[in-house]
Every structure is written in C-alpha cells, then in structure tokens.
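> Below: sequence and its predicted model.
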Amino acid sequence: MPSKSGVARATGTLVALSLATAVLASAPVNAAQVDEPSAAAVAAVAATADVERPQGKPEPLKTEGAGKSTFSGAAAAQSAAAPITRSAVIARAKTWVDAKVPYSMNNYRDGYRTDCSGLVSMAWNLGTSAWTGNLDTFADRISKNDLRKGDMLLFHNPSNPERGSHVTIFEQWTDASHTSYIGIEQTPPNAVRRVIPYAYFNNASSYIPYRYKNIIEDATPTNAGVYRSDEAKFYVADRSGGLYGWSGFGVPGDKPLTGDWNADGQDTFGVYRPGDSTFHLSNDNGTTAISVMYGSPGDVPLVGDWDGNGTDTTGVYHPADQTFYLSNDNRVAAYSVRMGVEGDTPMTGDWNGDGKDTVGVYRGSDQTFYLTDSQTSAPVNHQVKFGNPGDTPIKGDWNGDGTDKVGVYRDSDFFGAGKDSDQVIYSVRFGVPGDTPLTGQW
C-alpha cells in the first residue's frame with residue numbers, strides 16, 4: 001500500500017505534513033488482526049492429524065442423494081473455467097465447516113464428494129469432484145512464501161493414493177515466521193477450520209503449495225489520484241479523499257498510467273512518453289520495471305488486463321480510424337477493435353466482471369459512455385449518460401463488487417456512477433486545477 005501521511009487542505013491545495021518516503025510501500029499486517037478458529041475447532045488436533053482419509057476417484061458432479069450427474073461436457077468445462085475470488089473460495093469452504101459435513105468418500109453435498117479433495121473441488125467451484133491425483137492439473141505450483149488465501153497444500157502419496165493422501169485449503173498465516181497457518185480441511189469426523197503447523201501435522205515435507213488457475217484477487221474499491229504534469233508527480237488519495245501518498249515518476253510531458261504490471265493485486269504507476277511512443281511502467285512507484293515501445297505517434301495510450309491473467313498490459317487507440325490495438329505481451333497486438341466516432345475519448349475496463357478488460361468510448365458531445373464486453377467486435381453492451389459538458393471521463397470499481405463503472409472528473413471532484421446507471425454512488429474531492437485524474441487500487 002502507499003505510505004500514509006497527514007494532510008492539510010486549504011484553498012484547494014494539498015499540503016503533505018509527514019511523508020516518510022516518496023516511494024509508496026507495502027504496510028505490514030497486524031498479527032493481532034488474525035481471525036483464529038475457536039478453541040473448540042483447535043481441540044484434539046493430535047488425535048485427528050494422522051487418521052486415514054479414504055477418497056474417491058475423479059467423477060462428475062452429483063445430484064445430492066441421487067448419485068446422478070448434474071454437469072457434463074461443455075457445462076462442466078464452463079463451470080471449471082469460471083473465475084472465483086479468494087474470499088469466495090474461503091466462504092464456500094466455510095459452509096462445510098459450519099454445517100459440520102461428515103467425512104465420506106461415498107456421500108455428496110452440493111454435488112461434490114465429501115472427502116478432502118471434494119472439499120477443495122467445491123471451494124474452487126470445479127465442474128468435477130477431483131481427487132489428490134489430479135487436483136494439481138487445475139492449479140499452478142507456487143512457493144511457500146507465495147501462499148495466499150484460497151491456495152491449497154497437496155500431498156498425493158503414490159504408494160497409498162486413496163488412503164494415504166490429503167489436501168488442505170490455506171487461509172492465512174498465524175505468525176510472522178510462517179510456522180503455522182489457519183487451514184480448512186475435510187477430515188474425519190467432519191470438515192474443520194483450525195491452526196495447522198506448516199505444512200501439515202505429518203508428512204510435512206511432502207505437501208506442495210498450489211494456486212488454482214482461475215482464482216482472482218478480491219475486488220477492492222477504486223480510489224482517486226492525480227498526476228501533476230509540471231512536477232511529474234503522482235498523488236493518490238484514500239477512500240475519503242485524504243492524501244495517501246505521492247511519488248515522482250517520469251518527466252514533464254509524460255502521459256500518466258496506473259495498472260497492476262506484476263499481478264500482485266496492487267496498482268502502481270507508469271507513464272507513456274509520446275515523443276518515442278514508449279511505455280515506462282514501475283512496480284514500486286519509483287523505478288522502471290518495464291520499458292517498451294508500442295504504438296505510433298498520435299496514438300492514445302491504454303492499459304488493461306485483456307486476457308484475464310491478473311496482469312495489466314499495454315494498448316493504444318488510433319484516433320484516425322477509431323481502432324483499439326491491445327497487446328498481451330506489450331509488443332504485439334492480440335486484439336484489434338474498431339469502435340466509436342471521431343472525437344470520442346477511449347476507455348477500458350471490466351464492464352461485466354468477468355476478469356477481462358474490454359473497451360469503450362466517451363462521447364463528450366452528449367456526455368454518453370458506449371461500452372462493449374467484446375475484444376473482437378464492438379456491440380454496445382452498456383450505454384450510460386453521465387456528467388456535464390467539459391467533464392473528463394474516468395472509470396473505477398467504486399463499490400468493490402468486481403465490476404468497473406463509469407465516472408467523471410470535474411474541477412478536482414471525482415464522481416462515480418452506479419452500474420449502467422446515472423446515479424452517483426461515490427464522490428470525493430482531490431487535487432488542484434490542472435491535475436490529470438487517475439484511478440486505481442492502491
């Protein structure tokens with residue numbers, strides 16, 4: 001997160017009182033805030049740590065009690081590919097804990113087999129009941145230090161796969177040294193959420209951390225910011241409009257950008273230098289991590305997560321023919337979309353909450369946003385009239401529901417609209433006249 005600082009606001013001018021550093025940095029987690037399981041959930045750990053957990057083999061989802069498949073073919077594949085947030089994974093897993101679902105390789109709940117791998121399959125919203133022998137095919141291997149809520153720790157024992165294997169869902173660390181964590185697991189006699197020594201009570205060295213391929217970061221509300229071109233400095237606000245932090249990056253005349261360049265769930269700064277059509281992107285708000293030429297003179301720089309992999313990459317809008325060129329690798333256009341008319345302002349955002357950014361335009365002549373959910377064609381899926389003549393169009397997830405919405409910037413005021421509506425659901429005052437508005441998840 002950006003470093004916080006006190007500010008005074010007088011006659012529209014922001015004055016930083018105590019900024020520790022010009023480069024924004026991450027804040028440590030307060031260990032006292034860890035939500036640990038109750039004493040009852042932790043009790044009798046030793047008695048249940050080494051029990052057998054027989055599990056079934058991979059199979060389609062079942063209708064509870066009837067043993068019939070409710071998903072097959074394309075439907076199962078579609079379910080398996082659906083993005084799911086980290087918090088949603090934990091919330092789904094906790095439903096079995098709250099219900100004290102008994103451990104069984106023969107019974108089903110919510111369509112899933114109620115063994116250890118069935119719990120993970122359910123929590124990840126897979127289109128099948130997987131088992132420890134194939135759960136890794138739905139995930140990518142990660143390191144211990146990369147573990148975050150919703151990831152899994154998997155032990156598949158080839159010498160005794162059906163009775164000697166196990167898997168748990170990682171929720172959070174309980175200590176700064178990462179010696180134990182809160183895990184959710186399906187284990188006899190029933191699903192439990194408890195403190196577990198890393199990586200597990202027994203066979204600890206055999207448990208491997210994995211991350212579900214289709215997990216996405218939890219949505220957090222978008223905050224405001226501004227770029228002061230004559231200073232080449234970014235200023236970002238907290239939710240209420242107070243100065244959250246600032247950093248110098250780029251040179252006067254650069255075009256400001258914000259995005260998540262390294263898929264860590266946090267937006268950082270970047271600039272586009274029109275003179276040589278070069279993007280300079282920073283992961284720490286102070287030094288350049290990515291520098292790449294993309295586009296042509298006169299293009300409008302854009303950024304977005306075009307393929308839904310969690311990383312924002314570059315794009316440009318060519319005003320002469322109203323065409324968007326969007327790149328997944330910051331070098332070659334993966335998508336080209338023609339949309340709008342001469343004089344429109346290009347926009348990008350995740351308008352339908354599917355995890356992928358698409359394009360749109362703002363028509364200043366009638367203060368209307370025209371937005372599409374497609375990257376290959378340009379049907380108008382969302383049309384919103386919002387703002388006044390002379391406003392600058394902006395976008396953001398104003399309420400943290402995972403969907404970008406439109407907004408406008410007017411004389412240091414940010415106004416965010418509701419989804420497909422002209423109702424103001426967020427407003428904040430930040431900046432001084434002449435600033436360029438920014439939005440992001442700091």
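Arrived safely, thanks for sending. Numbering: from 1, shown residues only.
> for the protein, which spans come out with low pLDDT?
Regions of the chain meeting the criterion pLDDT under 70 cover residues 1-53, 63-81.
> who's in contact with the lengthiest helix in it?
Taking DSSP state H as the criterion, the chain has its longest helix at helix 86-98. With CB atoms under 8 Å, 6 or more residues apart in numbering as the test, helix 86-98 has contacts from 109-110, 114, 119, 122-125, 148-150, 169, 171, 184, 186, 191-193, 212, 215-218. Quick note: C-beta positions are derived from backbone N, CA and C, even for glycine.
> What are the buried residues along it?
86, 88-90, 92-94, 96-97 (16 or more other CB atoms under 10 Å).
> Dump the residues you listed into TSV; add distance to residue 439 as well.
Below are the buried residues of helix 86-98 laid out as TSV (distance: CB to CB, whole Å):
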residue	distance to residue 439
86	22
88	24
89	27
90	28
92	30
93	33
94	32
96	38
97	37
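> ok, those vs residue 372, which is closest?
residue 88 (26.3 Å; CB to CB).
> Which of the buried residues of helix 86-98 lies at the shortest distance from residue 252?
Residue 252 lies nearest to residue 86 out of those, by CB to CB, at 39.8 Å.
> do you know how far that closest one is from residue 137?
Distance of residue 86 to residue 137, computed by CB to CB, to the nearest Å: 20 Å.
> Also residue 356?
Residue 356 sits 23 Å away from residue 137, going by CB to CB.
> Between these two, which is the more surrounded one?
Neighbour count, other CB atoms under 10 Å: between residue 356 and residue 137, residue 356 has more, with 17 against 9.
> Contact partners for the more buried one?
305-308, 350, 375.
> Can you tell me the closest non-neighbouring residue to residue 372?
In this structure, residue 372 finds its nearest non-sequential neighbour in residue 378, 4.9 Å apart by CB to CB, 6 or more residues apart in numbering.
> pretty sure that neighbour contacts residue 335?
No. Contact criterion CB atoms under 8 Å: residue 378 and residue 335 do not qualify, at 11.1 Å.
> Neighbour count: the two, which is higher?
Ranked by neighbour count (other CB under 10 Å), residue 378 and residue 335 place residue 378 first, with 21 against 17.
> OK, contacts around that one?
Contacts of residue 378 (CB under 8 Å, 6+ apart): 337-339, 359, 372.
> Return the closest of those residues with respect to residue 426.
Distances from residue 426 to the contacts of residue 378, taken by CB to CB, are shortest for residue 359, at 22.7 Å.
> hang on, that closest one in a strand?
Yes. Assigned with DSSP: H, G, I helix; E, B strand; the rest coil, residue 359 falls within a strand.
> What count of nearby residues applies to the closest residue to it other than its chain neighbours?
The shortest distance from residue 359 to any residue other than its chain neighbours is 4.8 Å, reached at residue 324 (CB to CB, 6+ apart). Using other CB under 10 Å, residue 324 is surrounded by 29 other residues.
> Next, residue 324: secondary structure please.
Residue 324 ends up strand, using three-state DSSP.
> now swap in the one 5 residues further on and tell me
On the three-state scheme (three-state DSSP), residue 329 is labelled coil.
> ok, the nearest residue to it once chain neighbours are set aside - contacts?
Spatial nearest neighbour of residue 329, chain neighbours left out: residue 313 (6.8 Å); criterion: CB to CB, 6+ apart. By CB under 8 Å, 6+ apart, the contact list for residue 313 reads 303-306, 326-330.
> Can you select the buried ones among these for me in ChimeraX?
Of the contacts of residue 313, the buried ones go into a single ChimeraX selection, burial set by 16+ other CB under 10 Å:
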select :303,304,305,306,326,327,328,330
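> Please enumerate the helices of the chain.
Going by DSSP H, the chain shows helices at 39-42, 45-48, 73-81, 86-98, 116-123.
> quick one: residue 250 and residue 274 touch, right?
No. Applying CB under 8 Å as the test, residue 250 and residue 274 come out as separate, 11.7 Å apart.
> and these two? which has more neighbours close in?
The residue with more neighbours, out of residue 250 and residue 274, is residue 250; 22 against 16, by other CB under 10 Å.
> any idea how far the more buried one is from residue 272?
Taking CB to CB, one finds residue 250 at 9 Å from residue 272.
> for residue 102, same thing?
The gap separating residue 102 from residue 272 is 58 Å, by CB to CB.
> Compare these two (neighbour count), which wins?
The residue with more neighbours, out of residue 102 and residue 272, is residue 272; 24 against 14, by other CB under 10 Å.
> start to end distance for stretch 196-205?
14 Å (CA to CA, to the nearest Å).
> which ones are touching the residue lying closest to residue 208 once chain neighbours are set aside?
Computed as CB to CB, 6+ apart, the closest residue to residue 208 that is not its neighbour in sequence is residue 154, at 5.4 Å. Residues near residue 154 by CB under 8 Å, 6+ apart: 132, 135-136, 167, 207-210.
> so what's residue 154 bridging to?
Per DSSP bridges, the residues bridged to residue 154 are residue 167, residue 208.
> any idea how far it lies from residue 275?
Residue 154 is 51 Å from residue 275, by CB to CB.
> Then residue 217?
Taken as CB to CB, the span from residue 217 to residue 275 is 35 Å.
> Quick check on those two: which one has the bigger neighbour count.
Applying other CB under 10 Å to residue 217 and residue 275 shows that residue 217 carries more neighbours, namely 19 against 9.
> if you skip the residues just before and after it, what's nearest to the more buried one?
Closest residue in space to residue 217, ignoring its immediate chain neighbours: residue 265 at 4.1 Å, by CB to CB, 6+ apart.
> Please report how far the one you found lies from residue 225.
Residue 265 is 17 Å from residue 225, by CB to CB.
> what's the distance between the closest residue to residue 307 other than its chain neighbours and residue 155?
Closest residue in space to residue 307, ignoring its immediate chain neighbours: residue 328 at 5.1 Å, by CB to CB, 6+ apart. According to CB to CB, residue 328 stands 35 Å off from residue 155.
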